[in-house]
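Participant: Predicted model and sequence follow; I will ask about them next.
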Amino acid sequence: MPSFGASLATRLPHAFWVQSRSNNFTPNSAGNSFFLFFDSQRSLGLTKPINFSLSKCNQTRVCSPMEGQTQMVVTAPETEEYSKELEVAVRAVQMACLLCQRVQENLITKTNGQVHSKDDNSPVTIADWSVQATVSWVLAESFGSENIAIVGEEDVQALSKANAAGLLEAVVNTVNNCLVEAPRFGFKTPLMSLGTLDVLEAISRCNSTGGPVGRFWVLDPVDGTLGFVRGDQYAIALALIEDGEVVLGVLGCPNYPMRKEWLSYHNRYHRIISKLNPPTSESWERGCVFYARRGSGKAWMQPIHHGEKNLLWPNNARKIQVSSIDDPALATFCEPVEKANSSHSFTAGLAHSVGLRNQPLRVYSMVKYAAIGRGHAEVFMKFARAGYKEKIWDHAAGVVIIQEAGGVVTDAGGHPLDFSKGLYLEGLDRGVIACAGAKLHEKIIGAVDASWNSSSL
Ligand SMILES: Nc1ncnc2c1ncn2[C@@H]1O[C@H](COP(=O)(O)OS(=O)(=O)O)[C@@H](OP(=O)(O)O)[C@H]1O
Ligand SMILES: [Mg+2]
Ligand SMILES: [Mg+2]
Ligand SMILES: [Mg+2]
């Protein structure tokens, strides 16, 4: 009981429905109602009780406050915290995976004209906007648009240009084709097909700027867009942040291979897989959704599915765990494919100095985080060029998945990543280091300090 009480005290404002005791109160059927006794008088709007005792409420036991105590009835939720949010997020990401698979097939088999450049020259496709619109629409339908805030990577600037009518039409069609199948993923289909304005609104709704207070979703509709357009790895990343902490993370990885070795078929992956394994309805061949809820000590993977009933959340999910390898000589590290996104020479020096002998596993997107959580690699390092600010949507979902799978994620100074400062990981010390275990992590952090000053970063 004390541990429940202790965690209750900090979680009370969000997780529990609190009411003053009324005469006709009856405990709920799950029996998870509690009397909370405070040592001193506090108002109903109390936030963090300091001293209290807790006793379980049931039909046979009558609890009374002692002198000087205030009594309240607390009804614990019948299900775990964030369970509805997690369920909706996993289903939404499953649906987005299907959308992306179709667009990627199309991209690879058809000729160019479907990849666009943003102002910073980074690529964006129909899939990026369509996933953002679809996930945003589904979250709004599930929780009410007035109750949600979303930080999303994409905006509508390029789609709103006079010469972008064709592009916008393609996005609207892609979104509607996906939402037609919403019931298979446990969502309602819109009463009418979404129009241009609905889609633009859904994309624009993801304009929250995050911050330290309250709850917001973080969405990277296609992470690793470069991998996506090259027929390679990419991820759909959705996380929920509350009061600056990532409380749940979902990573859809439609090309995640069943066999670890295939993670390294960089660029040729799609061709190899389609030759070796013509697509079948048995979805373990490739594609998983990874997810975790903070503090649960568990992380999961579920095969990508197309809405088959027996595979709906949480069916068919398997627990994942980080690798137990702690000897650098046996460990594999992964990093971004593009040198422009992370210094390959610096990580090569680090790897050498800690005794990592295996070739780096260069993989696009947050699939790298998934690979650590899944136990397919032991270390992930990213050292962007000086001045580049890491965005929260490139990390949030991955961090909680690795942590709950038993791993460690920090910046190069050993500090946790700070998701409370807006769109960027402000104050990030040099780079991101994720490891399967504390021993590897310690070695790498130490090696960064030893080689940083002589590096050109
Ligand atoms: N210059 C620079 N440095 C560091 N990071 C950058 C940089 N430019 C972009 N980005 C962000 O990196 C995201 C892709 O990261 P990856 O690890 O997938 O990189 S790579 O494609 O494998 O090289 C990529 O995410 P997506 O845009 O969602 O693909 C960007 O947010
Ligand atoms: Mg991008
Ligand atoms: Mg990204
Ligand atoms: Mg992206």
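Facilitator: Cool, got the structure. Ligands and ions are numbered 1, 2, ... in the order given.
Participant: Could you count how many residues lie near residue 397?
Facilitator: 32 (other Cβ atoms under 10 Å). All C-beta atoms are positioned from the backbone trio N, CA, C, and that covers glycine.
Participant: Enumerate the residues of this protein near ligand 2.
Facilitator: Within the chain, the positions lying close to ligand 2 (Cβ under 5 Å from the ion) are 122, 225.
Participant: Ligand 4 contacts on the chain?
Facilitator: Residues of the chain lying near ligand 4 (Cβ under 5 Å from the ion): 153, 220, 222-223.
Participant: And the residue lying closest to residue 138 once chain neighbours are set aside, how close does it get to ligand 1?
Facilitator: Spatial nearest neighbour of residue 138, chain neighbours left out: residue 92 (4.6 Å); criterion: Cβ to Cβ, 6 or more residues apart in numbering. Residue 92 is 17 Å from ligand 1, where distance means Cβ to the nearest ligand atom, to the nearest Å.
Participant: Likewise for residue 200?
Facilitator: 20 Å.
Participant: swap in residue 156?
Facilitator: Residue 156 is 17 Å from ligand 1, by Cβ to the nearest ligand atom.
Participant: still on that earlier bit, please look at the residue nearest to residue 138 and residue 135 and confirm they touch.
Facilitator: Yes: contact criterion Cβ atoms under 8 Å: residue 92 and residue 135 qualify, at 5.0 Å.
Participant: Residue 305: how many residues sit nearby?
Facilitator: For residue 305, using other Cβ under 10 Å, the count is 22.
Participant: Was I right to think it contacts residue 95?
Facilitator: No: counting by Cβ under 8 Å, residue 95 is not a contact partner of residue 305; they are 10.0 Å apart.
Participant: and residue 422, how many neighbours?
Facilitator: Residue 422: 17 neighbours (other Cβ under 10 Å).
Participant: Assign it to helix, strand or coil.
Facilitator: coil (DSSP: H, G, I helix; E, B strand; the rest coil).
Participant: Which residues are in contact with it?
Facilitator: 209-211, 392 (Cβ atoms under 8 Å, 6 or more residues apart in numbering).
Participant: do you know how far it is from residue 151?
Facilitator: Residue 422 is 9 Å from residue 151, where distance means Cβ to Cβ, to the nearest Å.
Participant: Touching both of these two, which residues are there?
Facilitator: Counting by Cβ under 8 Å, 6+ apart, the residues touching both residue 422 and residue 151 are 209-210, 392.
Participant: helix or strand for the nearest residue to residue 204 once chain neighbours are set aside, which one?
Facilitator: Distance criterion Cβ to Cβ, 6+ apart; nearest residue to residue 204, sequence neighbours excluded, is residue 156 at 5.4 Å. Residue 156 is part of no helix or strand when elements are defined by DSSP states H and E.
Participant: Please tell me I have it right and residue 156 contacts residue 205.
Facilitator: No: in terms of Cβ under 8 Å, residue 156 does not count as a neighbour of residue 205; the distance is 10.3 Å.
Participant: what about the nearest residue to residue 313 once chain neighbours are set aside, neighbour count?
Facilitator: Nearest residue to residue 313, sequence neighbours excluded (Cβ to Cβ, 6+ apart): residue 90, at 4.6 Å. Using other Cβ under 10 Å, the number of residues around residue 90 comes to 25.
Participant: mind checking pLDDT for residue 143?
Facilitator: Predicted confidence (pLDDT) for residue 143: 98.
Participant: okay, now the domains of the protein?
Facilitator: 83-320, 328-454 (the TED database).
Participant: Quickly, which of those domains bottoms out on average pLDDT?
Facilitator: domain 83-320 (a mean of 90).
Participant: close to ligand 3, is that one?
Facilitator: Yes: judged by Cβ under 5 Å from the ion, domain 83-320 comes into contact with ligand 3 at 220, 223.
Participant: Give me the distance between the two termini of that domain.
Facilitator: Terminal residues of domain 83-320 are spaced 19 Å apart (Cα to Cα, to the nearest Å).
Participant: Number of residues surrounding residue 421?
Facilitator: 15.
Participant: surely it meets residue 391?
Facilitator: No: here residue 421 does not reach residue 391: they are 11.4 Å apart, not a contact under Cβ under 8 Å.
Participant: Can you name the residues that contact the residue nearest to residue 313?
Facilitator: Residue 90 sits in contact with 250, 289, 291, 302, 313-314, where contact means Cβ under 8 Å, 6+ apart.
Participant: Narrow those residues to those in strands?
Facilitator: Those of the contacts of residue 90 mapping onto strands are 250, 289, 291, 302, per DSSP state E.
Participant: Give me the nearest residue to the residue in the stretch 301-450 of the chain that ligand 4 sits nearest to, chain neighbours excluded.
Facilitator: Ligand 4 sits closest to residue 393 of the stretch 301-450 of the chain, with a gap of 7.1 Å, by Cβ to the ion. Spatial nearest neighbour of residue 393, chain neighbours left out: residue 220 (3.9 Å); criterion: Cβ to Cβ, 6+ apart.
Participant: can you check residue 407 too?
Facilitator: That would be residue 322: by Cβ to Cβ, 6+ apart, it lies 4.3 Å from residue 407.
Participant: and that neighbour, how many neighbours?
Facilitator: 24.
Participant: Which parts of the stretch 51-200 of the chain are strands?
Facilitator: 52-56, 70-75, 115-117, 123-125, 150-152 (DSSP state E, counting those that start in this stretch).
Participant: Smallest distance to ligand 3 belongs to which residue of the stretch 251-400 of the chain?
Facilitator: residue 394 (4.3 Å).
Participant: Distance of that residue relative to residue 369?
Facilitator: 10 Å.
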